[in-house]
Structure formats: C-alpha cells, structure tokens
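**Student:** give me a 3D structure for the following:
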Amino acid sequence: MKKITYLLTLLACINLYAQKSAEEQINEIKKEGIKLYNSEMASWHGTDLFIAQYSTKDRIGGYFSYAENNNNICTFYSNDQNPKVIGTVTFNNNQFDLDKAIIDLTERNFKSNENEIYLLRKSAQKVIENDTVLFKHYNNTKYNLIPLIEKDINKVYVLTGPAISGVVIFGNDYLLTFNKKNELISKKSLHQNIIPIEFGDHEQEVESTMHSHLPETGDFLTPTDVCTLMLYGKYTSWKNHIVVSKNYLNMWMIHDNTYEIMTMEAVEKIANEADESEQEE
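**Tutor:** Numbering: from 1, shown residues only. Below is the predicted model of the structure:
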C-alpha cells in the first residue's frame, strides 16, 4: 500500500512539474513573440509616418526597429557607402498611437547600439543571400528581418510577410543566431513549410483556424506564430487560432491575445467521452 501511495504521489509530482515546465515555456515564447510584434509594429507605422514627411526618397537605404526604455524606435538610414541615420520615429510606452509618435528627421551618425543592430541586420542579409537552399522565396511574399541584441548572443528572426492583403502567412520563418562579433553560430527553419490562410468578410465570424507543427518545430507556438497572430489577427474575423503538435493542442485567443494549451491525451479523453455520450443517447 505504501508503495502504491508513493507511486501515485510521484506521478502527481511529475505531472505538476510537466505542467509548470510547459507554462514556463509558453510564457517565454509569448514574451519573445511580443518583442517581435513590437518591432514589426514600429516598422509598419514608422515607415508610413517617415515616408509621408521625408522628401528625398532616393536617399533611403533601409530601416530597422528596436526597443529602448519602454519605447519602440524605427530608425531609417541612408544608402551612402557609410550610412547615416536620416530619421527616427519613436513610439512611447509600447503604445502605437500615431498622433503621439515623435518624428525626428535630424541627420546624424549611428549611436553605438544602432550601429550594432545595423551590422547584425547586414550580417543576416548576407546569410540569406548566400544560402538559397534553406531560405525559400514565394510569390507575393517578402522577408521581414527582426534583429534582437541579447546579452550573450545576437539573434535575427526572419518572417515571411504577405505582399498582398487578405492572407495571413505562418511558416517559412527562420532563426539566425550570431556571437557578439556577428559571426554566425546557427541557422534553422522554425516551420518546415509555408502555411498561408486567407481571411475574408469581417461580418462572417470564423470560430477557429488551424495549422500543425511537426516534431522539428516543437510542441508549442513559435515566437513568430505569436507575432503573426498579434499583427494580423485583429484584421480577421477569427475567434481563435489552433496549433496542433504531437503532444499539445495550442489555442491563441484573438480578442485578448491569451494563450492556452491542453495535452493531446486530455483532448483524446474528451473526444472519447463525447463519443460514448452520443452512443448512449
């Protein structure tokens, strides 16, 4: 009896640990996804605001966005051999209120952190250009590069964005990691394919859309999934998006950006109980 009690206690502890471990993982994924979302939002809105006010369009060499002191800053640089900053758009307190955005068209040299991001982005572009096997290109899409400077390593997420309206694209996304000298450490596909999902009339509410993850992608949403859902979900009529993996059913709620998971064992148990209930009726 003592052995049985001990075994049951051990199993309960293992289950509790597994739940805690899963919760910690999805919290980290969501946190990383929000970083990507904030960067993309700064780039989306920053580009519109900058282009509307900057008259010398042929001087624009590119842009990147980064977070600093709870602000999100989109920085534009020139196409000179030695680029300079030609303007910035700052969004305060992680809010993307276009009326409160601060637009600065002062031409200046890169700050040290901006130069670091610029060089990281440039390194990532070279990796993409030189590897035509890993990186796949599709019609009506474009790559969006999101550089993140971390304490010990530098990362660049590569998302595939739609070049046309009315479609959300999951997959064909990548993660590049570099050391602090911007030397490539690793590169990998986050999804093994591209998953475009069209969305139509807002008046016709859609309960759920879905895609699945192979074991190589993992059990949970990727940070790029989180970013994509936060960026495009508000333009759809979806109530939620489901990701099915080997061990978990993941559900992202569009209206409040909450994330829930359920083990596939629990899903199968619920399905079996529903079947038994129907048979009894």
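**Student:** quick one: low-confidence parts of the stretch 101-250 of the chain?
**Tutor:** For the stretch 101-250 of the chain, the stretches with pLDDT under 70 are 201-203.
**Student:** outside of the host helix or strand of I261, which residues touch it?
**Tutor:** I261 belongs to strand 258-263 when assigned by DSSP states H and E. If you take CB atoms under 8 Å, 6 or more residues apart in numbering as the criterion, strand 258-263 is touched by 22, 26, 30, 220-221, 226, 247-253. Where you see a C-beta, it was placed from the backbone N, CA and C, and this is true even at glycine.
**Student:** ok, and the most crowded of those residues?
**Tutor:** L221 (27 neighbours; other CB atoms under 10 Å).
**Student:** count of residues packed around E150?
**Tutor:** 10.
**Student:** in its sheet, what does the strand holding I261 sit against?
**Tutor:** strand 248-253 (antiparallel) (DSSP bridges).
**Student:** find the residue at the geometric middle of the protein.
**Tutor:** Against the mean C-alpha coordinate of the chain, by CA atoms, centre = their mean, the closest residue is T224 at 2.5 Å.
**Student:** so what pLDDT did W44 get?
**Tutor:** At W44, the model reports a pLDDT of 96.
**Student:** distance of T106 from V85?
**Tutor:** For T106, the distance to V85 equals 8 Å [CB to CB, to the nearest Å].
**Student:** more neighbours: which of these two?
**Tutor:** Neighbour comparison, T106 and V85: the larger count goes to V85, with 21 against 8 (by other CB under 10 Å).
**Student:** how about stretch 82-96: buried residues?
**Tutor:** P83, V85, I86, G87, T88, V89, T90, F91 (16 or more other CB atoms under 10 Å).
**Student:** same check on stretch 251-260?
**Tutor:** Buried residues in stretch 251-260 (16+ other CB under 10 Å): M251, W252, I254, N257, Y259.
**Student:** thinking the first one is in contact with V244, fair?
**Tutor:** Think M251. No. The criterion here is CB atoms under 8 Å, and M251 misses it with V244 at 10.0 Å.
**Student:** show me where this structure has helices.
**Tutor:** With DSSP state H as the criterion, the chain has helices at 2-53, 112-130, 223-232, 264-280.
**Student:** and the second one, how far out from the chain's middle?
**Tutor:** Right, the one you point to is helix 112-130. Helix 112-130 sits 19 Å away from the centroid of its parent chain (CA atoms, centre = their mean, to the nearest Å).
**Student:** cool, the third one as well?
**Tutor:** Taking CA atoms, centre = their mean, one finds helix 223-232 lying 5 Å from the centre of the chain it belongs to.
**Student:** go on, stretch 172-180?
**Tutor:** Using CA atoms, centre = their mean, the offset of stretch 172-180 from its chain centre is 13 Å.
**Student:** export only the CA atoms of that stretch, formatted as CSV.
**Tutor:** Provided in CSV are the C-alpha atoms of stretch 172-180 (Å, rounded to 0.1, in the frame of the first residue of the first chain):
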residue,chain,number,x,y,z
ASN,A,172,8.7,29.9,-44.0
ASP,A,173,10.3,31.6,-41.0
TYR,A,174,13.9,31.2,-39.6
LEU,A,175,16.1,32.0,-36.7
LEU,A,176,19.7,33.0,-37.1
THR,A,177,22.0,33.3,-34.1
PHE,A,178,25.3,35.1,-34.0
ASN,A,179,28.0,35.7,-31.5
LYS,A,180,28.8,39.2,-30.3
